[in-house]
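**Student:** model this:
(one chain, ligands or ions: 2)
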Amino acid sequence: MSSYDEYEDDEYEDYIEFPQRETPVREPVYEGPFKSGFVALVGRPNAGKSTLVNAIVGEKVVITSPTAQTTRNRISAIYNEPCMQMVLLDTPGLHKPVDALGEELNVSALNALKDVDVVAMIVDGSAEAGRGDEWVAQHVAEAHAFKLLVISKADIINQEHAQTQIDRMMQYCKFDDVLVLSATEGFNVDTFIRIVAEHLPEGPQWFPPEMQTDQPVEVLVAEFIREKVLLNTRDEVPHSVGVIVDSTNYDEKRDLSSIRATIYVEREGQKGIIIGSGGKMIKRIGMQAREDLQRLLGNQVYLDLNVKVKPGWRTDAAQIRRFGYGEGA
Ligand SMILES: Nc1nc2c(ncn2[C@@H]2O[C@H](COP(=O)(O)OP(=O)(O)OP(=O)(O)O)[C@@H](O)[C@H]2O)c(=O)[nH]1
Ligand SMILES: [Mg+2]
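**Tutor:** Ligands and ions are numbered 1, 2, ... in the order given. Got it, this is the predicted structure:
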């Protein structure tokens, strides 16, 4: 691929758009007077919240990874049926914060409990429900909403273990209903939609039906790049990474989006890890991100990635907001 600057002529638009999707992802589960409302997905980091959101929407709109604290802002994903619009609030995992970023993430997740119609608390079925889950459940108990307990990752647990989790969680909060599901296998995802739909009020469409998320394209692009960093690096690196999209251009003639983005880390050593020997790692991250972005945008993508060091950005509230993470992002 030739240089980015070649595309800087007047044939491009200085913004890019999502392609419109017309095919419904599943048979509608609800029929009747139009219903619409909000469901917040909360829980500990790594519980499977974002994976469930993607399974419901039928498309990857939020990023997921085995690293705790993958999600950094509250994102609305929108699930549409002819008679219903369900707005899913994906939230950062609730945890004991160790820095300003962690505190921002908790505030953002806890605020999602306010003013929603349904709260779904996701508990990692493959782990032991512990004090962290108890703490989250206590917050859920205070919400004025229908409370659904979801035991996730049913594909890798047995029934007995799921029941133990349910019994323990019921001591922490009086949930109105319980569901065991697997987002990766699609097991009981329809049932989740059905239960939530039952408890949504009748109401208008809040978002245009072709919209799948409230996030601007630039935010999703930055998130998809950050996901590839998380999937390819370990230890301190994932938590120290922030991504900002510097520019996006769309060249209609070539049906090509040119994206320039910067990956920020906190230390020189982390920059070295992300670039890798002979630039191997950054190339791999770029290639994987490009594949995802092409699917997201529905056209060819030229991706120019840079890595910069910004010491201590995670402890600086102004920087956290600049990256768009945390509350109100
Ligand atoms: N086997 C199995 N793994 C799952 C399932 N759902 C999620 N996972 C895995 O669990 C890990 C965490 O999933 P996420 O969806 O990123 O979890 P999260 O709750 O959004 O995590 P945070 O954003 O960090 O709070 C990923 O590696 C997923 O692939 C499932 O149903 N089955
Ligand atoms: Mg998440």
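
**Student:** And the strands in this protein?
**Tutor:** Assigned by DSSP state E, the strands in the chain fall at 12-13, 35-43, 75-81, 84-90, 118-123, 146-151, 177-180, 242-251, 256-265, 300-309.

**Student:** ok, the residue of the stretch 1-150 of the chain found nearest ligand 1 to ligand 2 distance?
**Tutor:** Nearest to ligand 1, among the residues of the stretch 1-150 of the chain, is G93, at 2.6 Å (CB to the nearest ligand atom). Every residue, glycine included, has its C-beta placed from N, CA and C. G93 is 6 Å from ligand 2, where distance means CB to the ion, to the nearest Å.

**Student:** Neighbours of that residue, how many?
**Tutor:** 23 (other CB atoms under 10 Å).

**Student:** How about the contacts made by the residue lying closest to it once chain neighbours are set aside?
**Tutor:** Using CB to CB, 6 or more residues apart in numbering and skipping the chain neighbours, the partner closest in space to G93 is P45 (2.9 Å). Contacts for P45 (CB atoms under 8 Å, 6 or more residues apart in numbering) come out as 68-70, 92-95.

**Student:** Show me how the chain divides into domains.
**Tutor:** What the record gives for the chain is the domain set 4-14+215-322, 35-198, from automatic domain parsing.

**Student:** Averaged pLDDT, the last one. What do you get?
**Tutor:** Computed over domain 35-198, the mean pLDDT rounds to 95.

**Student:** Ends of it, what's the gap?
**Tutor:** Length of domain 35-198, first residue to last, CA to CA, to the nearest Å: 9 Å.

**Student:** mind listing the helices for the stretch 1-150 of the chain?
**Tutor:** Remark: helices assigned in the stretch 1-150 of the chain by DSSP state H, counting those that start in this stretch are 49-57, 100-111, 131-142.

**Student:** Which residue lies nearest the spatial centre of this structure?
**Tutor:** Centroid-nearest residue in the chain: V62, 3.2 Å away (criterion: CA atoms, centre = their mean).

**Student:** who in this structure is up against ligand 2?
**Tutor:** 49-50, 70-71 (CB under 5 Å from the ion).

**Student:** And the furthest pair within these?
**Tutor:** K49 and T70 (9.3 Å; CB to CB).

**Student:** between the two, what contacts are shared?
**Tutor:** Common neighbours of K49 and T70 (CB under 8 Å, 6+ apart) are G93.

**Student:** So which of the two has more stuff around it?
**Tutor:** K49 (31 against 23).

**Student:** My guess is the more buried one contacts D124. True?
**Tutor:** No. When contacts are counted by CB atoms under 8 Å, K49 is not listed as touching D124 (9.9 Å).

**Student:** Mutual contacts of these two, please.
**Tutor:** G43.

**Student:** if we can go back for a sec, can you narrow the residues of the chain next to ligand 2 down to the ones near ligand 1?
**Tutor:** 49-50, 70-71 (CB under 6 Å from any ligand atom).

**Student:** ok now do the closest residue to I263 other than its chain neighbours, which residues does it touch?
**Tutor:** The shortest distance from I263 to any residue other than its chain neighbours is 4.9 Å, reached at V307 (CB to CB, 6+ apart). With contact taken as CB under 8 Å, 6+ apart, V307 is in contact with 262-265, 271, 274-275, 282.

**Student:** Flag every residue of the stretch 1-150 of the chain that's near ligand 1.
**Tutor:** Counting by CB under 6 Å from any ligand atom, the stretch 1-150 of the chain sits next to ligand 1 at 43, 45-51, 64-66, 68-71, 92-93.

**Student:** what about 8 Å?
**Tutor:** 41, 43-54, 62-72, 90-93, 122, 124-126 (CB under 8 Å from any ligand atom).

**Student:** which ones are touching the residue in the stretch 101-250 of the chain that ligand 2 sits nearest to?
**Tutor:** At 9.5 Å from ligand 2, I122 is the closest residue in the stretch 101-250 of the chain, using CB to the ion. Counting by CB under 8 Å, 6+ apart, I122 makes contact with 41-43, 47-49, 52, 150, 152.

**Student:** top of the residues you listed by neighbour count?
**Tutor:** K49 (31 neighbours).

**Student:** Just give the closest residue to it, not the sequence neighbours.
**Tutor:** L41 (4.4 Å).

**Student:** With E59 instead?
**Tutor:** Leaving out its chain neighbours, the residue that sits closest to E59 by CB to CB, 6+ apart is Q212, at 6.2 Å.

**Student:** now the one you found: how far from E81?
**Tutor:** Using CB to CB, to the nearest Å, we find Q212 at a distance of 13 Å from E81.

**Student:** if I pick the closest residue to I156 other than its chain neighbours, what's in contact with it?
**Tutor:** Excluding the flanking residues, the one nearest I156 by CB to CB, 6+ apart is S126, at 5.2 Å. By CB under 8 Å, 6+ apart, the residues touching S126 are 152-153, 156-157.

**Student:** for the stretch 201-329 of the chain, which spans come out with low pLDDT?
**Tutor:** Under the criterion pLDDT under 70, the flagged ranges of the stretch 201-329 of the chain are 327-329.

**Student:** Please enumerate the helices of it.
**Tutor:** Using DSSP H, counting those that start in this stretch, helices in the stretch 201-329 of the chain cover 217-232, 237-240, 268-275, 280-297, 317-322.
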